[in-house]
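Engineer: please find the sequence and the predicted model below.
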Amino acid sequence: MAGAQSRKREGATAEQRTAAAHRPVARVLVDVPLPVHLDRPFDYQVPERLDADAVPGCRVRVRFRGKLVDGYLLERNETTDFKGTLSWVERVTSPEPVLTPELLEMAQAVATRYGGMLADVVRLAIPPRHAGAEKKAPREPGPPPPRPETEGWNRYQHGQSFLDAVHAGRSARAVWQALPGEDWPGRLAEAAATAAAAGRGALIVVPDHRDLQRLQDACAALVGDGVVALAAELAPAERYRRWLAVLRGAARVVVGTRAAMFAPVHDLGFAAVWDDGDDLHSYPQVPYPHTRDVLTQRAHAAGAALIVGGFARTAEAALLAESGWAHELVAHRTEVRAAAPRVTAIGEDDTQLARDPAARAARLPSVAFEAARAALGAGAPVLVQVPRRGYVPALACGDCRERARCRRCAGPLALPGGSEGGAPKPAACSWCGAAEAAFKCGNCGSRRLRAIAIGAGRTAEELGRAFSGVAVRTSGAGEVLATVPAKPALIVCTPGAEPVAEGGYGAALLLDGRTLLARPELRAAETALRLWFDAAALVRPGRDGGRVVVMAESSLQPVQALVRWDPAWFASLELAERAELGFPPARRVAAVDGTPEAIEALLDSADLPPTAEILGPVPLGAVDEDGNSERERLIVRVDRTEGRALADSLHAAQAIRAARKAAELQVRLDPLEML
């Protein structure tokens, strides 16, 4: 009865509605998951009572497919092409114009680049609304800060010229090779403050919250209250309040993790991405945008200055420099040699092998022990980088070396470490967690186990026995240390969790280099070198006794790049190899995952560019008894100049399939996991 009365009241209200006198038609982007063929705005009537509040960019509530949903009002027009009767805008959620023309243009450009849908990009760009935050967010910007002192940039060729261009509002673009031991948060903060001093905005994106905290502190020291930090980990109300402060122009400098790449910075004059090779810069949600690509696109559109920086260099950054789109911002080799630690690899000379014939096979050869003892003796901490966390994360049969697997679910067995009742814990499955106290190899019947990978936990235990009386601390997934004091200690960490040491580490031991380089990925060498450079950059210069020992063959190209501290050389080699193989960034690549029938239908309907080269499809996962796979992957690659045409063709083909209600396909452009 109550429902009937409610519907009656709604009907009466609808009959009494009158359209706004001017521009009564609103184009609305509905904020709901839609099939690809409905990736467009829809027209609605604006009632007279909402005329003042229904401004372009505001949030509204409309009826879509019979349900009341959220949306964004894009524009208002006098007429519509729709032949039927338009539905009404039910409510203006907030008159705050959150989807500005600049933000809308950027979202459309990102959707086009990745062959995605506009609504998906807008959902990533604008955080959920919080009513209380709209009242608390500041509206007025403070006075511009003074232009900071930038002597630190004098160490780089053309460093001061770049900052002069930032202050003058010119479109300077650079690939920055940071010196080892560089206070990179301070240098980026100086560049951002230089843009802010000229009355323009700045945006800097870093991989994780530890980097963000260091960067925020450095920016606050120069800009004061004019800096805002954005991260997905913030509470919803606080995140929206900070985002509104940026939107309203109250914050001149914005720093953040990947969620900040879309921050609506007013009059963007400077943008930067630090350590662009870190996979945390890639959004794991459709359409899978990457921070580096979004910021290069924004800088180009806004005529802003841009820095792609890091201790290492990716092939994508190398392409920006070699194509002439960006210039190198590097120090002279004498500066590099003075700042870099001494790097030692396995087998770099005959003397090392003569003193330790087992160096190539040992996990921690004598040269590493000597470097660690010297650093500890000098009162400095020692960094130990281990590629894997855990205790012994991988086991194999002790006789036939077949991978040890759980008898229940076929998951990989591992040693968890620790003890129960005074006895070491038995092997356990990494998938189901079931203990395996009576292992028997399914291949040869042996009951012996051997470790094929050693984790950070076991490494810390072994080092504790080898260096008795020295404190051993771990930094990894369970607890990540931000800093460590300048005292003798062994800091065992996984890649990306290296704490900053006061005064720098005396030595760094980069273990299991073969494991990093042997991963079944095309990016394995580039990733390994980036992780090594990030750790080695925390070590004191060689003139102060700083040592880095990498457990990998000295003849390998990534190791040579580390020994010579020349990431640009290796990035150029990597780019040339990618070009020869036809992989990004030399070419644009699309990965299409789906059923065999769906992929075949897509190929029949897609109007691919002329240079398109089709690879596959190949099975994904297990196959049945007949050798058929439920899902397959198709690779399509084209010349870089036809990247947009590839995205458009796949988007159009997806729209046709969606209109026919065919099986869905997953389409990703330049996916990181493929590389």
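Structural biologist: That came through fine.
Engineer: residue contacts, Leu608?
Structural biologist: Neighbour list for Leu608: 614, 636, 638, 646, 649 [criterion: C-beta atoms under 8 Å, 6 or more residues apart in numbering]. Where you see a C-beta, it was placed from the backbone N, CA and C, and this is true even at glycine.
Engineer: and of the residues you listed, the nearest to Glu75?
Structural biologist: Ser649 (28.1 Å; C-beta to C-beta).
Engineer: contacts for the host helix or strand of the closest one?
Structural biologist: Per DSSP states H and E, Ser649 falls inside helix 643-659. Helix 643-659 has contacts (C-beta under 8 Å, 6+ apart) with 35-39, 112-116, 588, 590, 592, 598, 601-602, 605-609, 612, 636, 638, 663-665, 667, 669.
Engineer: where along the stretch 501-650 of the chain do the helices fall?
Structural biologist: 513-517, 524-536, 557-564, 567-581, 596-605, 643-659 (DSSP state H, counting those that start in this stretch).
Engineer: tell me the angle of the fourth one relative to helix 557-564?
Structural biologist: For helix 567-581 against helix 557-564, the angle by axes from the mean of the first three to the mean of the last three C-alpha atoms, to 10 degrees is 160 degrees.
Engineer: could you do the last one as well?
Structural biologist: Between the axes of helix 643-659 and helix 557-564, defined by the same axes, to 10 degrees, the angle is 130 degrees.
Engineer: with the fifth one instead?
Structural biologist: Taking the same axes, to 10 degrees, one finds helix 596-605 and helix 557-564 inclined to each other by 80 degrees.
Engineer: which parts of the stretch 151-300 of the chain are helices?
Structural biologist: 159-168, 184-197, 209-223, 236-247, 291-302.
Engineer: assess the claim that Ala590 and Glu642 are in contact.
Structural biologist: No - look at Ala590 against Glu642 with C-beta atoms under 8 Å: they stay out of range, at 11.3 Å.
Engineer: list the buried residues for stretch 144-155?
Structural biologist: 144-145, 147-148, 150, 153, 155 (16 or more other C-beta atoms under 10 Å).
Engineer: residues making contact with that stretch?
Structural biologist: With C-beta under 8 Å, 6+ apart, stretch 144-155 has contacts from 159-160, 162-163, 167, 179, 182-183, 186-187, 189-191, 193-194, 196-199, 222-224, 226, 252, 331, 335.
Engineer: any weak-confidence spans in the stretch 401-550 of the chain?
Structural biologist: 401, 409, 416-424, 431-432, 450-462, 477-478, 520 (pLDDT under 70).
Engineer: which stretches in it count as strands?
Structural biologist: 413-414, 419-420, 423-424, 427-429, 435-436, 449-453, 471-475, 483-484, 489-493, 500-501, 507-510, 547-553 (DSSP state E, counting those that start in this stretch).
Engineer: deepest in the core, which of those is it.
Structural biologist: Mean neighbour count (mean count of other C-beta atoms under 10 Å) peaks for strand 507-510 among these, with a mean of 29.
Engineer: what pairs with that one, and is each one parallel or antiparallel?
Structural biologist: strand 382-385 (parallel), strand 547-553 (parallel) (DSSP bridges).
Engineer: relative to helix 524-536, how tilted is the last one?
Structural biologist: With the same axes, to 10 degrees defining the directions, strand 547-553 sits at 160 degrees from helix 524-536.
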